[in-house]
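Peer 1: Below are the sequence and a predicted model; questions follow.
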Amino acid sequence: MALYAAGVSQRKAAEILSLLLGHRYSHETLSALTDQVLEAAGAFRTRLLPEEMAFVYLDGLSLKVFREGEGIVRESVYVALGIAPDGERRVLGFWLLPTESALGWEGVLGELWQRGLRRVLLFITDGLPGLPEAIRRVYPQAEWQRCVVHGVRWSLSQVRFRDRALLAEDLRRVYGAESREEALGALEEVKAAWGSRYPGVVGLWVQDSGPSCGSTGTPRCFGRTCGAPT
């Protein structure tokens with residue numbers, strides 16, 4: 001499968017396996033094996049989903065894939081990871097699209113709905129423009145939170161090098177708070193310390209100070225889960 005994913009033809013893969021394993025696999029055998037894997041992947045991607053998830057992480061990855069007639073091309077892999085109310089993590093699905101966009105994600109969310117996922121407490125994503133609005137159109141009752149890791153990385157990239165360590169520590173007190181009150185208090189300290197120097201950075205955290213500030217209505221055991229990276 002690694003050879004197939006790398007764009008090696010089935011006939012060439014048969015030759016390579018013959019050299020490596022000392023046994024010759026026919027083109028037809030490799031084709032049948034590939035078809036079985038693709039069939040299993042298709043069944044996984046279309047299976048029915050639980051009706052409820054506490055959290056759903058959405059993220060896109062840019063990967064090289066093999067396309068018949070095109071060779072190796074770059075495409076976006078959309079990944080949806082769910083965390084059930086009991087804490088179990090489940091891959092809800094993955095999709096290949098030419099590029100990542102809010103419109104693409106809206107199609108993915110519509111498919112999750114059609115496969116049975118009706119209630120999500122909180123979606124966690126990066127800051128892709130239009131994605132929160134796409135989520136609200138399909139799951140209007142769900143909350144949205146920017147992935148903490150994406151938020152911190154962007155924030156630190158916008159400030160002077162000498163300020164990064166201090167800002168990172170101040171932000172850690174916001175997203176690592178034990179309660180909403182503690183988080184909002186830490187955010188006020190960030191505003192006082194950094195607001196005049198970096199209004200855009202501080203504005204991002206103020207804008208996201210809803211579910212990302214320590215209170216989502218979830219059981220306490222999920223507190224750290226919400227801040228995990230996508």
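Peer 2: That came in fine, so what should we check first?
Peer 1: Select the longest helix from the protein.
Peer 2: For the chain, the helix that runs over the most residues, judged by DSSP state H, is helix 27-46.
Peer 1: Give me the residue at the spatial middle of this protein.
Peer 2: Central residue of the chain (Cα atoms, centre = their mean): Asp59, 2.4 Å from the mean position.
Peer 1: Now name the helix or strand holding that one.
Peer 2: Using DSSP states H and E, Asp59 maps to strand 52-67.
Peer 1: Identify the residues contacting Arg89.
Peer 2: Neighbouring residues of Arg89 by Cβ atoms under 8 Å, 6 or more residues apart in numbering: Leu81, Gly82, Ile83. C-betas here are computed from N, CA, C, even on glycine.
Peer 1: Tell me the confidence at the residue nearest to Gly110 when sequence neighbours are not counted?
Peer 2: Excluding the flanking residues, the one nearest Gly110 by Cβ to Cβ, 6 or more residues apart in numbering is Val138, at 5.8 Å. Each residue has a pLDDT score; the one for Val138 is 98.
Peer 1: For Val138, list the residues it contacts.
Peer 2: Here Val138 is in contact with Glu106, Leu109, Gly110, Leu112, Trp113 (criterion: Cβ under 8 Å, 6+ apart).
Peer 1: Counting neighbours, what do you get for the second one?
Peer 2: Which is Leu109. 23 (other Cβ atoms under 10 Å).
Peer 1: all helices for this protein, in order.
Peer 2: With DSSP H as the criterion, the chain has helices spanning 2-5, 10-21, 27-46, 102-114, 131-138, 148-157, 161-175, 180-194, 199-207.
Peer 1: other SSEs contacting the longest one?
Peer 2: Using 3 or more Cβ pairs under 8 Å, 6 or more residues apart in numbering; DSSP states H and E as the contact test, the elements touching helix 27-46 are helix 10-21, strand 89-97.
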